[in-house]
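> Below: sequence and its predicted model.
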Amino acid sequence: MKLIRAKRVSRLENRFHPNMGRLSAQVTRIQKFILGIPFKTIHKYRETYKGEIKDCEECKLSKI
């Protein structure tokens with residue numbers, strides 16, 4: 001068993017934008033695990049409806 005590993009975790013999140021309203025986005029997080037316990041989120045990004053990949057830090061969407 002490895003002590004430290006990185007894993008991608010994806011799930012749907014509800015987001016809100018004033019112009020578009022409520023939308024559901026697939027958000028993927030790359031997390032660092034130590035002994036199977038999530039320790040730190042290394043990177044977080046989402047996929048748009050058009051298939052583009054965007055960093056969640058750059059978007060103006062607020063989480064509902």
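Sure thing, it's come through.
> Excluding sequence neighbours, find me the nearest residue to residue 44.
Closest residue to residue 44 apart from its sequence neighbours, by C-beta to C-beta, 6 or more residues apart in numbering: residue 56 at 4.5 Å. C-beta coordinates here come from the backbone N, C-alpha and C atoms, glycine included.
> cool, residue 34 as well?
Nearest residue to residue 34, sequence neighbours excluded (C-beta to C-beta, 6+ apart): residue 4, at 5.5 Å.
> coming back round to it: ok, the residue nearest to residue 44 to residue 3 distance?
28 Å (C-beta to C-beta, to the nearest Å).
> How about residue 32?
For residue 32, the distance to residue 3 equals 11 Å [C-beta to C-beta].
> ok, now residue 54?
According to C-beta to C-beta, residue 54 stands 33 Å off from residue 3.
> which residues of the protein fall in strands?
For the chain, the strands defined by DSSP state E occupy 4-17, 21-34, 37-47, 53-55, 62-63.
> orientation of the third one relative to strand 21-34 in degrees?
Comparing the axes of strand 37-47 and strand 21-34 via axes from the mean of the first three to the mean of the last three C-alpha atoms, to 10 degrees yields an angle of 140 degrees.
> buried stuff in strand 37-47?
Going by neighbour count (16 or more other C-beta atoms under 10 Å), the buried part of strand 37-47 is 45, 46.
> what about residue 32 and residue 3, which has more around it?
Taking other C-beta atoms under 10 Å, residue 32 and residue 3 do not tie; residue 32 has more neighbours (13 against 8).
> Could you list everything that one pairs with in the sheet?
Here residue 32 sits in beta bridges with residue 6, residue 40, going by DSSP bridges.
> contacting residues around it?
In this structure, residue 32 makes contact with 4, 5, 6, 38, 39, 40, 41, 42, judged by C-beta atoms under 8 Å, 6 or more residues apart in numbering.
> Let's see that with 7 Å instead.
By C-beta atoms under 7 Å, 6 or more residues apart in numbering, the residues touching residue 32 are 4, 6, 39, 40, 42.
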